[in-house]
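K.L.:
no sequence on this one, just coordinates:
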């Protein structure tokens, strides 16, 4: 009994020890799992902090891009994100501070960021927006950029620290999970080992003695005496002999006990397995949470990257002010967003037909592209017309372009319109060599970049148009003949080349030298200095009135017309005065000559008319006797003839002025009878003169218009008589020599001063003594004579000495058949 | 009888004026140039002088000025009779002392009316 009771006690003790060991192992495992959960929670907290920090940073960027956008465009749309960020940013930073309250270093950094943000808002961003709104000059953008960069650096430091913390905590969570698994395995192995040890112990301490007892009993039954030896450890053979069944029962009881313990072990094992399953589930859950965190982190990084991309693009556009630079920057950015390798940018040329010009290419040879795009020209035209991105996919062979110096297949083309306001200012055509469409994210990014590019391109187009206009204005100013200059309170602000030339001609000094001159000094240059000063005073008194002045330069007699008018800006403010100077010396001279001619013509026509009108009226009034009547009529007739001749002269000259050559009716004729006849006519007109006519015996044959030649002879004879007021002998001679025939008329009259001789054949020229001496004439006779002689391919000329008389001659080609 | 001097270098014009005035009513003197006109005027002191402008030697307005400068010609009426028709010519003549201005061509009736205006209606009776 003592052996059986000792065995049970030992077995209970062993079972209790086993249970304690298993309990301890499970406790250790639960502790490990608890650690793991805590670590995971801490990691999640860090990610929340980072997310909050990133939101704050994004709002900060909104502030900067909003303000910068508003400054660039003055478009109030940019102020919406700016205002929103301004409102929420302080709360964001407070939240962030609350989140990191447990971490003094990070909390300090957040306070620093909050202070920096307030300073940026108060000292730069708000003043910038106010300045732009009030159209004052804004603070330099570098100041804001510097502050933003500093704040972003602090954010980056904060994020990095928090990220490191998160990484550490995640690693701790991972380590705790591994520990939990390890503890679980150890507990399992230890349980099995304990069971095996228990079983071994049972076998050794219960079954073996029974077998040995049975064997001993068998052996006992067989009468084996060595059984004693078999049971030498214990002296219980007497008890076995007392009841084999009792011994067998005891053995059976021990075996049942073993079975029950075994069952308990199995239950415990199942329990362990269950716990292990729970552990695995918790592990999966942790892994899913980690994946989710990673995804959130990735999308946050992506958003940050996008913001950086926009900021960089805006900076690049702000730096490159010229259209080609902006086009190149835009193409690079859009191609980057679309994953395109080649591209071309067309911008509206500003004309009403809506055409677009090629302004930039990426990877493509500009020469291989159309330089200009019509309104509905292909896909890009459609993109412009619909203000929608147009995409088209191709197989390997459809669209091949020469890019980067070799032929490349474009698998997808994308035409992104650049829309500003309600107008497409351009279109970016992009080509992807990779197949497949741009993902929605890329398209959204493209849309944002295209909006920014549209503003920038529109600005550049406006600048380009303004520059082109300035060049045209300058070219127009330089191309006009008149001097144009503009003056303001600062002096001369604009002067075209003729203005410089004319200033030098009028004042004798350059514009720069003339500026400091006193008005009286300038006035001294003009024939009428007082009028000049009066004009200057009037201009100063009525600065809004335009003015016309005619200025004659003293000495040179050159005449200039000056038009001066106020120049006003778009807002009506006075910018200065513009002055247009034109030389009108030739016009004034032409006018003077014309007026003189009109007076002369009028006078010459009125003189014969006076006789005609007067005598005819006398005839009508008085009805005189026939002899008187006849005399009156003869006077009227002669004067009418003279009037007709004068009119013919004017008309001939008019015809000459129009056609350049007189019509001739030429025939072969002898000059001698013409000369004789005219000599007779003029000899009869003047009693004070005698005519000495000397003609050769042989005919002076020429091909000529007799009436025209008669006109020349009459003019020369009339001049000879008119310009010999004291009478005397008029010589007329004719000759033939060297294929020409000639006639000369000489007089003993006034002669012509040598200074006047070169002008003698000019139209309307009259000898200086003609008017004073009341010598009639139109100044057309000699001019007409020269035209007639030259129309006959002849020559006309004269020799004259002032005070001694003149000799006028002309020569015509002789008619060949009489040579 | 009133004395009238006609100064014109053209004989036809002098004849026309003389015929118009009908010599029976006036003492008519003629001068073919300015110098002669001044001589005749100084000698005869005519009541009315017709002056052509463009004459050899002294022009009509010069003669006019010279006549006005001579106090002996007080009361003398001077009428320019000329083919010069510009408005400034009329002004010049007026400044030089001419009483009236007739532009050639002229009607004899117009000339007579001028004489009546200048000398008074009794001169033509």
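P.N.:
All right, it came through fine. Note that the structure is predicted; figures quoted are calculated from it, not measured.

K.L.:
do the least confident helix or strand in chain B by mean pLDDT and chain A meet at all?
P.N.:
The weakest-scoring helix or strand in chain B, judged by mean pLDDT, DSSP states H and E, is helix B:108-119 (a mean of 87). Yes. Against chain A, helix B:108-119 shows contacts by CB under 8 Å from any CB of the partner chain at B:108, B:109. C-beta: built from backbone N, CA, C; applies to glycine.

K.L.:
How far does that helix sit from its chain's centre?
P.N.:
Distance, stretch centre to chain centre, for helix B:108-119: 12 Å (CA atoms, centre = their mean, to the nearest Å).

K.L.:
Run through the bridge partners of the spatially most central residue of chain B.
P.N.:
Closest residue to the average C-alpha location of chain B: residue B:50 at 1.0 Å, with CA atoms, centre = their mean. Counting by DSSP bridges, residue B:50 forms beta bridges with residue B:6, residue B:79.

K.L.:
ok, now how distant is it from residue A:608?
P.N.:
19 Å (CB to CB, to the nearest Å).

K.L.:
And for residue B:7?
P.N.:
Residue B:7 is 19 Å from residue A:608, where distance means CB to CB.

K.L.:
Please settle this for me: is residue A:494 part of a strand?
P.N.:
Yes. Per DSSP: H, G, I helix; E, B strand; the rest coil, residue A:494 lies within a strand segment.

K.L.:
beta partners for it?
P.N.:
The partner residues for residue A:494, given DSSP bridges, come to residue A:486.

K.L.:
mind listing what it touches?
P.N.:
A:477, A:484, A:485, A:486 (CB atoms under 8 Å, 6 or more residues apart in numbering or on different chains).

K.L.:
Among these, pick out the one closest to chain B, please.
P.N.:
Of all the contacts of residue A:494, chain B sits closest to residue A:484, with 35.4 Å by CB to the nearest CB.

K.L.:
Now for that closest one, how many residues are close by?
P.N.:
Counted with other CB atoms under 10 Å in any protein chain shown, the neighbours of residue A:484 add up to 21.

K.L.:
now it, nearest residue through space, not along the chain?
P.N.:
Leaving aside its sequence neighbours, residue A:484 sits nearest to residue A:496 (CB to CB, 6 or more residues apart in numbering or on different chains; 4.9 Å).

K.L.:
still on that earlier bit, mind listing what the residue nearest to the centre of chain B touches?
P.N.:
Counting by CB under 8 Å, 6+ apart, residue B:50 has contacts B:4, B:5, B:6, B:7, B:8, B:17, B:79, B:81.

K.L.:
all strands of chain B, in order?
P.N.:
For chain B, the strands defined by DSSP state E cover B:2-7, B:26-31, B:48-51, B:77-82, B:100-103.

K.L.:
where are the low-confidence patches of the chain?
P.N.:
You didn't say which chain, so I picked chain A. A:1-8, A:205-210, A:212-213, A:216, A:219-252, A:350-353, A:657, A:660, A:763-779, A:816-819 (pLDDT under 70).

K.L.:
To clarify, I was referring to chain B.
P.N.:
B:23-24, B:124-125.

K.L.:
and the residue nearest to residue A:484, what does it touch?
P.N.:
By CB under 8 Å, 6+ apart, residue A:496 lies in contact with A:477, A:478, A:480, A:483, A:484, A:485.

K.L.:
related to what we said a few turns ago, please work out which of the strands of chain B is packed deepest.
P.N.:
strand B:48-51 (a mean of 26; mean count of other CB atoms under 10 Å in any protein chain shown).

K.L.:
Could you list the residues of the stretch 451-600 of chain A in contact with chain B?
P.N.:
So far as CB under 8 Å from any CB goes, the stretch 451-600 of chain A lies against chain B at residue A:599.

K.L.:
State which one residue of the stretch 451-600 of chain A is found closest to chain B.
P.N.:
Closest point on the stretch 451-600 of chain A to chain B, by CB to the nearest CB, is residue A:599, at 5.9 Å.

K.L.:
Neighbouring strands of the strand or helix carrying residue A:565 in the sheet, and parallel or not?
P.N.:
Assigned by DSSP states H and E, residue A:565 belongs to strand A:559-568. Paired neighbours of strand A:559-568 in the sheet (DSSP bridges): strand A:547-552 (antiparallel), strand A:574-583 (antiparallel).

K.L.:
Just the closest residue of the stretch 151-300 of chain A to chain B, please.
P.N.:
For the stretch 151-300 of chain A, CB to the nearest CB, closest residue to chain B: residue A:151, 87.8 Å.

K.L.:
before we move on, what SS does the residue of the stretch 451-600 of chain A closest to chain B have?
P.N.:
helix.

K.L.:
Tell me how many other residues crowd the closest residue to it other than its chain neighbours.
P.N.:
Closest residue to residue A:599 apart from its sequence neighbours, by CB to CB, 6+ apart: residue B:86 at 5.9 Å. Residue B:86: 14 surrounding residues under other CB under 10 Å.

K.L.:
One more: residue A:546?
P.N.:
Residue A:546 is flanked by 12 other residues according to other CB under 10 Å.
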